[in-house]
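Q: Have a look; sequence and predicted model below, questions after that.
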Amino acid sequence: PIAEVTRQASAMIEELSPSPASGSVSMSEPASRDELYQLTVTFNALFQKLHAVLGQLRQFVSDAAHELRTPLAILRGETELLLARPRTTEEYEKSIRIIDSELKTLNHIVDALFTLSMADAGQLHIAPEPLYLDEILEETCALAAPLASQKRIRFEKTLQHDVHVSGDAAFLRQLFLIFIDNAIKYSPDGSRLEVRLSEDRRLGRVRVQFQDHGIGIAREHLPHIFERFYRAAQGDSSGTQSGGLGLAIAQAIVHAHHGTVECESESGSGSTFTIFLPIKAVPA
């Protein structure tokens, strides 16, 4: 029986090779519930986990390569255009602006990938400190105000005052900005963005909500919106460099603060993202 387990384990190792023959990774379990049965069950759990992780890794590398291909192609095209023949000052300036924009896109994608890799390794360490969450929200709305004014989107804020939590101000500001940026990006001109903050001491948590009145998210996309590089809708992406990683980063920041995030949305009816954060102090 041990030789048979060894043979099946060797076959499963082949399934985990760079070019797996099939998607099934498991060995037959012995009928007797003895030590060998427990060993086989453990092997199956181990290989199934490895198979899932390797599949996610392959998909992540493929998606990242696809995401980087476009800005790299634009950079190469612009540099080849500049080197083909002498250009005027205006042509040089136009190309350099395009190159600068694409370099910012690449830098944003790399920074996002680094943040997510730190989260995957459990090393996304926050620096918790006492702060008022309503003040962080006010600051974030002020930062996003120029972008909102370009589309004549107005903020409607309902913020409970003196909501005291323990968290990392920089990460929380980045978290809120992700949701506000997405709401502005996928909302029509002249619409409104509702920002709410309330405290529930009975449940020991605070609730932050961002509700837009934009294009919304179809029901079949909702389970996947926090996956990396997943885009539920193709809206006007001008001025943005999300790279499809914004919501994944937001979820990582929320989890680092021991909170949860939810989304309610329907296609054509806007979206509401709700963040729940604990009131109690977060350990460093």
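A: Yes, it's here.
Q: Residue 196: which element?
A: Element membership for residue 196 (DSSP states H and E) is strand 192-200.
Q: That strand packs against which elements?
A: helix 133-150, strand 154-159, helix 169-185, strand 205-211 (3 or more Cβ pairs under 8 Å, 6 or more residues apart in numbering; DSSP states H and E). Just so you know, the C-beta spots here come from the backbone N, C-alpha and C atoms, and that holds for glycine as well.
Q: Please tabulate those in TSV, including the columns mean neighbour count, distance to residue 218 and mean pLDDT.
A: Below are these laid out as TSV (neighbours: other Cβ atoms under 10 Å; distance: least, Cβ to Cβ, whole Å; pLDDT from 0 to 100):
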stretch	mean neighbour count	distance to residue 218	mean pLDDT
helix 133-150	16	25	92
strand 154-159	13	25	93
helix 169-185	21	16	92
strand 205-211	20	18	94
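Q: just to revisit the earlier point, what about the strand holding residue 196, average pLDDT?
A: Averaging pLDDT along strand 192-200 yields 93.
Q: can you tell which of the helices and strands packed on strand 192-200 is closest to residue 77?
A: helix 169-185 (25.7 Å; Cβ to Cβ).
Q: Could I get the CA-only coordinates of the closest one as PDB?
A: Below are the C-alpha coordinates for helix 169-185, written out as PDB (Å, rounded to 0.1, in the frame of the first residue of the first chain):
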ATOM      1  CA  ALA A 169      -4.000  56.900   8.100                       C
ATOM      2  CA  ALA A 170      -2.000  56.600   4.900                       C
ATOM      3  CA  PHE A 171      -3.400  53.200   4.000                       C
ATOM      4  CA  LEU A 172      -7.000  54.200   4.900                       C
ATOM      5  CA  ARG A 173      -6.600  57.300   2.800                       C
ATOM      6  CA  GLN A 174      -5.500  55.100  -0.100                       C
ATOM      7  CA  LEU A 175      -8.400  52.800   0.600                       C
ATOM      8  CA  PHE A 176     -11.000  55.500   0.400                       C
ATOM      9  CA  LEU A 177      -9.400  57.100  -2.600                       C
ATOM     10  CA  ILE A 178      -9.700  53.800  -4.600                       C
ATOM     11  CA  PHE A 179     -13.500  53.700  -4.100                       C
ATOM     12  CA  ILE A 180     -13.900  57.400  -4.800                       C
ATOM     13  CA  ASP A 181     -11.800  57.200  -8.000                       C
ATOM     14  CA  ASN A 182     -13.800  54.200  -9.300                       C
ATOM     15  CA  ALA A 183     -17.100  55.900  -8.500                       C
ATOM     16  CA  ILE A 184     -16.000  59.000 -10.500                       C
ATOM     17  CA  LYS A 185     -14.600  56.900 -13.300                       C
END
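Q: That concludes my questions; thank you for your assistance.
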